[in-house]
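Participant: here is a sequence with its predicted model. Questions after.
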Amino acid sequence: MTETLLINGNWQASSTGASIPVLNPADGSIIAQMAVASADDVNAAVAAARKAFPIWAELNGRERATIMHEAARLYREKYLDESVRLLTMENGKPLNDSIKECKYTADVIDFYADESRRITGTHFSGDVGPTHSFMLKQPVGVVAAIVPWNFPVDLLAWKIGPGLAAGCTFVIKPSEETPLASALLIQAFLDAGLPPGVLNIVTGAGEVGAMLVQHPDVDKIAFTGSVPTGQWIGEQAGRQLKRVTLELGGSAPFIVCRDANLDLAIPESMRRAFSHTGQICISVNRIFVQRHVYDEFVQRFAERAHALRVAANGLEEPNADMGPMINVKAIEKVQQHVDDARSGGAKVLVGGERLRGEEYNPQGVFYPPTVLADATPQMRVMQEETFGPVAPIAPFDTLDDAIHLANSTPYGLAAYLYTQDLDSAFYASRRLNFGGIGINVNDITDIRGSFGGMKQSGIGRELGEPGLDAYLEHKHIRYRYQAPRQES
Ligand code: NAD
């Protein structure tokens, strides 16, 4: 199968015939061949999206909502099982995590389908002369949606859900690691009667994404990925003053106060540190525990981490805690961070070396849950995004110290605070420089709330009302009226 490009409603191979394999990180096997889009393919996809734009934008909200709801229904009914299976194969996450992602995807489409009918404007009387102003919201235009591999289906829905609701058309660039599961979501839209050209896909590596970023007929770039790629996209977009939403990396702190409920804080910090093998932008990267409860926390955390199960094959162990990492490069970065911490004096209590062994395929990319005690702020693992299953733990004395430590990286995506004291919760929430803060909860995601980063974690927000507004231009129409002639 090399027909992974979708241009104007037709699945097709690259015009040059170029393709690259999609690998299963659990065993290195080739799942499929993926087309590598050429410049001609990218141009054709953008042209199709441009041509479809007035057609889609001119539909009313009710008409757009009908197609979107139908696509969500068809995705759940016809494609969910296969999409879930492909997601586990191309990405590695255990089956139940894939089910969760794909179901949430359909929910996001349904949510924004409803929002499509709620896009309204406002109006007001002018305050100079006899004028009346109308504020319209109109779709931004043709959007390039560039998606990473860690949540390839869900994070696509976070873009096309609000964008389609607003009336935008898309050229999608999936990650080269994970182009398969999300294609079925798009097929559901085609089945639902989406006009050709509204959603197009160009597959390939970063070069294909770069062509979209630089394309003069793309109005907006909606990107989720790493900080370096986001910085480059920001620079390029600035030259053409394109609109951007940049959802970038993070280094989430998890602060445990002395009054926290440890029975909650320990399993929840663990889940958020190791779920999806630590490859989530809001994964817990740094755990700060108040000194009074530090020893107890570390001991109990390490015991539980030791018992986590890494699936050799996520299809056969749907409930496992973790699967493989995405690729060898990712595992090398993790090892560098662990080695750096070890040489800086951190104690490796659990894990710390690549996971091998009879039950794991030697071509698989496995790393065990790794717990580092007595981490210090200078260590790479405390400064950079490790994006792997590593939980460094450090003590703190006062809440101000913890807030200072938490804020001491260039990132600002998510932070977590566990305390039973409301004053501490409010005090810290206002001072933590992060786009999302979880108080006694280890996930900041809610369809109706915003999601996005401060500082180098990005620009703009997804989900909720801001996530829709990101696909709308606000237009001010000012009308001067006069008293009509009184003709009898
Ligand atoms: P990445 O930046 O390497 O790639 C992301 C996407 O951009 C891929 O589709 C890739 O092919 C494409 N790309 C690469 N170079 C490009 C270029 N020059 N121009 C245009 N597109 C280009 O990131 P990744 O490794 O796939 O994803 C992991 C990163 O994503 C982590 O840093 C993680 O924190 C971040 N992330 C952020 C969020 C969020 O919401 N803030 C969510 C998930 C992941």
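Facilitator: Great, that's in hand. Residues are numbered from 1 along each chain as shown.
Participant: how close does the residue sitting nearest the centre point of the chain get to Glu115?
Facilitator: Closest residue to the average C-alpha location of the chain: Leu155 at 4.6 Å, with CA atoms, centre = their mean. As judged by CB to CB, to the nearest Å, Leu155 and Glu115 stand 18 Å apart. No exception for glycine: its C-beta is placed from N, CA and C like everyone else's.
Participant: now Glu247
Facilitator: For Glu247, the distance to Glu115 under the criterion CB to CB works out to 19 Å.
Participant: hmm, back to that, now do the contacts for the residue nearest to the centre of the chain.
Facilitator: When contacts are counted by CB atoms under 8 Å, 6 or more residues apart in numbering, Leu155 is found next to 147-148, 224, 247.
Participant: and those, which two are the farthest apart?
Facilitator: Using CB to CB, the pair of the contacts of Leu155 lying farthest apart is Val147 and Glu247, separated by 9.9 Å.
Participant: which residues do these two both contact?
Facilitator: Common contacts of Val147 and Glu247 (CB under 8 Å, 6+ apart): 155, 224-225.
Participant: where do the strands sit along the stretch 351-488 of the chain?
Facilitator: Secondary structure of the stretch 351-488 of the chain (DSSP state E, counting those that start in this stretch): strands located at 370-373, 390-396, 414-418, 436-439, 458-459, 472-480.
Participant: can you redo those as TSV with distance to the ligand?
Facilitator: As requested, these are arranged in TSV below (distance: least, CB to the nearest ligand atom, whole Å):
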stretch	distance to the ligand
strand 370-373	18
strand 390-396	14
strand 414-418	9
strand 436-439	10
strand 458-459	6
strand 472-480	20
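Participant: tell me where the stretch 1-150 of the chain has helices.
Facilitator: With helices called from DSSP state H, counting those that start in this stretch, the stretch 1-150 of the chain shows them at 39-58, 61-74, 80-91, 95-116.
Participant: list the residues that contact Leu136.
Facilitator: Counting by CB under 8 Å, 6+ apart, Leu136 makes contact with 121, 474-477.
Participant: and for Met301, nearest residue in space, chain neighbours not counted?
Facilitator: For residue 301 the amino acid is Phe, not Met. Residue nearest to Phe301 in three dimensions, not counting chain neighbours: Ile266, with 5.5 Å by CB to CB, 6 or more residues apart in numbering.
Participant: what's the answer for Glu296, then?
Facilitator: Looking at Glu296 with CB to CB, 6+ apart, the closest residue is Leu262, at 6.9 Å.
Participant: residues from this structure in reach of the ligand?
Facilitator: For the chain, the contact set with the ligand under CB under 6 Å from any ligand atom comprises 146-151, 155, 173, 175-176, 205-206, 209-210, 213, 224-226, 229, 232-233, 247-250, 281, 385, 387, 413, 453, 458.
Participant: ok, of the residues you listed, which come out buried?
Facilitator: Applying 16 or more other CB atoms under 10 Å to the residues of the chain next to the ligand, the neighbour count classes 146-151, 155, 173, 175-176, 209-210, 213, 224-225, 229, 232-233, 247-250, 281, 385, 387, 413, 453, 458 as buried.
Participant: just want the residue of the stretch 201-350 of the chain that's nearest the ligand.
Facilitator: The minimum distance from the stretch 201-350 of the chain to the ligand, using CB to the nearest ligand atom, falls at Gly209 (2.2 Å).
Participant: that residue reaches Ile146, doesn't it?
Facilitator: Yes - between Gly209 and Ile146 there is a contact at 4.8 Å, judged by CB atoms under 8 Å.
Participant: overlap in contacts of these two?
Facilitator: Lys173.
Participant: what's near enough to touch Glu176?
Facilitator: Contacts for Glu176 were tallied using CB under 8 Å, 6+ apart; they are 20, 22, 34, 203-206.
Participant: buried only: go through the residues you listed for me.
Facilitator: Burial of these was assessed by neighbour count (16+ other CB under 10 Å); the buried members are 20, 22, 34, 203-204.
Participant: next, give me the two most distant ones among those residues.
Facilitator: With CB to CB as the measure, no two of the buried ones among the contacts of Glu176 lie farther apart than Val22 and Gly204, at 11.8 Å.
Participant: give me the common contacts of the two.
Facilitator: Taking CB under 8 Å, 6+ apart as the contact rule, Val22 and Gly204 both touch 34, 176.
Participant: just give the closest residue to the closest residue to the ligand within the stretch 1-150 of the chain, not the sequence neighbours.
Facilitator: Across the stretch 1-150 of the chain, no residue is closer to the ligand than Pro148, which sits at 3.2 Å (CB to the nearest ligand atom). For Pro148, ignoring the flanking residues on the chain, the nearest one in space by CB to CB, 6+ apart is Gly225 at 4.6 Å.
Participant: just the CA atoms of stretch 469-488, as PDB, please.
Facilitator: Extracted in PDB, the C-alpha atoms of stretch 469-488 (Å, rounded to 0.1, in the frame of the first residue of the first chain):
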ATOM      1  CA  ASP A 469     -11.200  30.900  17.700                       C
ATOM      2  CA  ALA A 470      -7.700  30.000  16.400                       C
ATOM      3  CA  TYR A 471      -9.400  29.100  13.000                       C
ATOM      4  CA  LEU A 472     -11.400  32.300  12.800                       C
ATOM      5  CA  GLU A 473     -10.600  35.700  11.500                       C
ATOM      6  CA  HIS A 474     -12.500  38.500  13.200                       C
ATOM      7  CA  LYS A 475     -13.900  41.100  10.800                       C
ATOM      8  CA  HIS A 476     -15.300  44.400  11.800                       C
ATOM      9  CA  ILE A 477     -17.900  45.900   9.400                       C
ATOM     10  CA  ARG A 478     -18.800  49.500  10.300                       C
ATOM     11  CA  TYR A 479     -21.900  50.900   8.700                       C
ATOM     12  CA  ARG A 480     -22.900  54.500   8.600                       C
ATOM     13  CA  TYR A 481     -26.600  55.000   8.300                       C
ATOM     14  CA  GLN A 482     -28.600  58.100   7.600                       C
ATOM     15  CA  ALA A 483     -32.200  59.000   8.200                       C
ATOM     16  CA  PRO A 484     -34.000  57.900   5.000                       C
ATOM     17  CA  ARG A 485     -35.700  60.600   2.900                       C
ATOM     18  CA  GLN A 486     -39.300  60.900   4.100                       C
ATOM     19  CA  GLU A 487     -41.100  60.500   0.800                       C
ATOM     20  CA  SER A 488     -44.800  60.200   0.900                       C
END
